[in-house]
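1. A structural model of the following input is requested.
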Amino acid sequence: MDERLIARLDELVARLEEVEKEMAEAAAEDPARLADLGRRHAELKEIVDLYEAWRRADIDRREALELAAADPALAGDLSRLAEEKKAEADALEAELQAALAPRDPNDSKDVILEIRAAAGGDEAALWAGDLLRMYERYAERHGLEVEPMEAAPSETGGYSKVTVAVHGRGAYSRFKYEAGVHRVQRVPKTESQGRIHTSTATVAVLPEAEEVEVEIDPGDVRVDVFRSSGPGGQSVNTTDSAVRLTHLPTGLVVTCQDEKSQLQNREKAFRILRARLFQLEQERRHAEQAGERRAQVGTGERAEKIRTYNFRENRVTDHRIGLTIRRLDQVLDGDLDPFVEALAAEDQARRLAGEA
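-> Reported below is the predicted structural model:
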């Protein structure tokens with residue numbers, strides 16, 4: 001391994017020890033700092049554990065070579081052992097190189113996932129509901145928790161819009177590649193002629209921001225309260241528990257009415273608003289001409305898609321990497337790993353090449 005890389009890894013070992021001391025000293029009344037230290041500790045520990053494994057394999061390789069030179073009778077077996085340890089060390093070095101590649105600073109954050117029905121009317125709303133179930137099952141497979149935030153059910157089933165938060169280590173790193181237009185090709189249940197319809201739903205993935213990352217001036221937010229209502233307009237609450245926030249400087253509007261408590265709806269609405277403002281600030285910093293959130297979802301037209309789900313052919317195709325999997329039923333049951341891993345590998349390759 002290159003000496004400069006070893007020196008960098010030794011620095012990370014020392015930094016991990018510092019973080020562990022800081023975690024022990026961090027006051028319990030500063031949960032935001034403790035959470036930040038915990039995320040940093042997890043990231044460093046992963047790299048340091050790989051480094052320790054590489055050092056053990058490298059030591060075993062060198063010792064096997066020394067013993068082979070000292071004892072010709074065992075030279076054959078020890079040389080083979082040295083080759084095995086070299087292969088192990090080489091594989092670990094490759095993992096270390098990948099782990100040290102520039103990372104998205106949001107990867108360890110929780111996320112807010114917004115799914116909206118787009119082109120296709122009632123079928124698009126049903127498709128939005130199918131995507132929500134797919135993501136719930138994907139999160140469950142990886143030990144992540146899904147928290148309902150906001151929902152606008154469609155009268156015919158599914159959702160015109162639904163928002164959830166996903167909590168757990170690396171939530172954003174797992175969901176960030178899902179942002180965009182998801183196109184479905186299938187025969188709707190209401191289609192009597194058996195014709196295939198094409199519908200779309202858009203997905204936006206927002207890293208959830210801590211209060212210390214986004215400060216909201218109360219004077220910049222208009223808060224309106226009203227009675228919650230469900231599909232068809234029937235009252236589902238007899239008190240003014242629904243909350244609508246309007247951020248006056250940006251015009252962003254967030255509505256939450258799923259909880260019976262106005263306080264809970266207000267808290268969730270501010271979390272969504274904070275995430276959207278955090279995204280806007282990131283867009284400003286990156287000097288993007290179009291907002292990242294708007295770029296994620298596009299206009300929702302059928303031609304703008306990141307992935308197509310074809311029911312008749314049992315096929316799912318990710319158009320960004322040209323990957324097709326003919327296990328649509330398993331994908332909709334939450335088996336998204338083949339796509340996520342392939343997209344992450346491509347992203348990592350770009351970062352290693354300095355393109356990202």
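
2. H197: neighbouring residues, count only.
-> 16 (other Cβ atoms under 10 Å). Where C-beta positions appear, they are placed from N, C-alpha and C, glycine not excepted.

3. dump the residue contacts of the closest residue to R222 other than its chain neighbours.
-> Leaving aside its chain neighbours, R222 sits nearest to T246 (4.4 Å; criterion: Cβ to Cβ, 6 or more residues apart in numbering). Neighbouring residues of T246 by Cβ atoms under 8 Å, 6 or more residues apart in numbering: V221, R222, D224, L252, V253.

4. How many residues are close by the last one?
-> Right, V253. Neighbours around V253, by other Cβ under 10 Å: 14.

5. go on, the second one?
-> A total of 11 residues lie near R222 under the criterion other Cβ under 10 Å.

6. Show me the protein divided up by domain.
-> 3-99, 106-356 (automatic domain parsing).

7. which of the ones you listed is buried the deepest?
-> domain 106-356 (a mean of 17; mean count of other Cβ atoms under 10 Å).

8. State the mean pLDDT of it.
-> The average pLDDT within domain 106-356 is 84.

9. That domain: how far from the chain's middle?
-> 11 Å (Cα atoms, centre = their mean, to the nearest Å).

10. The residue nearest to R222 should be in a helix, yeah?
-> No - counting by DSSP: H, G, I helix; E, B strand; the rest coil, T246 falls outside a helix, being strand.

11. so what's it bridging to?
-> On the basis of DSSP bridges, T246 is bridged to R222, V253.

12. First-to-last residue distance for stretch 134-150?
-> One end of stretch 134-150 sits 18 Å from the other (Cα to Cα, to the nearest Å).

13. what separates the residue nearest to R222 from T255, distance-wise?
-> 10 Å (Cβ to Cβ, to the nearest Å).

14. And for E283?
-> 23 Å.

15. same thing with R227?
-> Relative to T255, and taking Cβ to Cβ, R227 is found at 12 Å.

16. ranges for the helices of the stretch 51-200 of the chain?
-> Along the stretch 51-200 of the chain, the stretches classed as helices by DSSP state H, counting those that start in this stretch are 75-99, 122-141, 171-175.

17. pretty sure R183 is touching T202, no?
-> No - judged on Cβ atoms under 8 Å, R183 makes no contact with T202 at a distance of 10.4 Å.

18. Can you show me the helices along the stretch 201-350 of the chain?
-> 262-286, 292-297, 328-332, 337-352.

19. name the element R33 belongs to?
-> In the assignment (DSSP states H and E), R33 maps to helix 31-70.

20. so what does that helix touch, helix or strand wise?
-> Helix 31-70 is packed against helix 3-25, helix 75-99, with contacts defined by 3 or more Cβ pairs under 8 Å, 6 or more residues apart in numbering; DSSP states H and E.

21. could the ones you listed go into CSV alongside mean pLDDT and distance to E208?
-> Formatted as CSV, the helices and strands packed on helix 31-70 follow (pLDDT from 0 to 100; distance: least, Cβ to Cβ, whole Å):
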stretch, mean pLDDT, distance to E208
helix 3-25, 89, 22
helix 75-99, 89, 24
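
22. Include distance to D333 when you put those into TSV, please.
-> TSV is the format used below for the helices and strands packed on helix 31-70 (distance: least, Cβ to Cβ, whole Å):
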stretch	distance to D333
helix 3-25	38
helix 75-99	29
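
23. and the longest strand along the chain with helix 122-141, angle?
-> Longest strand of the chain, by residue count under DSSP state E: strand 197-207. Strand 197-207 and helix 122-141 are oriented at 40 degrees to each other (axes from the mean of the first three to the mean of the last three Cα atoms, to 10 degrees).

24. Just checking: what are the partner strands of strand 197-207?
-> strand 111-117 (antiparallel), strand 180-186 (antiparallel).

25. follow-up on the earlier one: mind checking the helices of the stretch 201-350 of the chain for the one nearest to D240?
-> helix 262-286 (6.7 Å; Cβ to Cβ).

26. Who are the packing partners of the closest one?
-> Helix 262-286 packs on strand 111-117, strand 145-153, strand 197-207, strand 221-226, strand 242-247, strand 252-256, helix 292-297, going by 3+ Cβ pairs under 8 Å, 6+ apart.

27. Export the ones you listed as CSV, with columns for distance to V187.
-> Converted to CSV, the helices and strands packed on helix 262-286 look like this (distance: least, Cβ to Cβ, whole Å):
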stretch, distance to V187
strand 111-117, 18
strand 145-153, 23
strand 197-207, 7
strand 221-226, 40
strand 242-247, 37
strand 252-256, 34
helix 292-297, 26
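
28. Which of those sits closest to R4?
-> Closest among the helices and strands packed on helix 262-286, using Cβ to Cβ: strand 197-207, at 31.9 Å.

29. got the CA positions of that closest one in CSV?
-> Extracted in CSV, the C-alpha atoms of strand 197-207 (Å, rounded to 0.1, in the frame of the first residue of the first chain):
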residue,chain,number,x,y,z
HIS,A,197,-51.6,2.3,-20.0
THR,A,198,-48.5,4.3,-19.2
SER,A,199,-48.5,6.4,-16.0
THR,A,200,-45.9,8.1,-13.9
ALA,A,201,-45.2,9.2,-10.3
THR,A,202,-42.5,11.5,-9.2
VAL,A,203,-40.2,10.9,-6.2
ALA,A,204,-38.2,13.6,-4.4
VAL,A,205,-35.6,12.6,-1.8
LEU,A,206,-34.7,15.4,0.7
PRO,A,207,-32.0,15.0,3.3
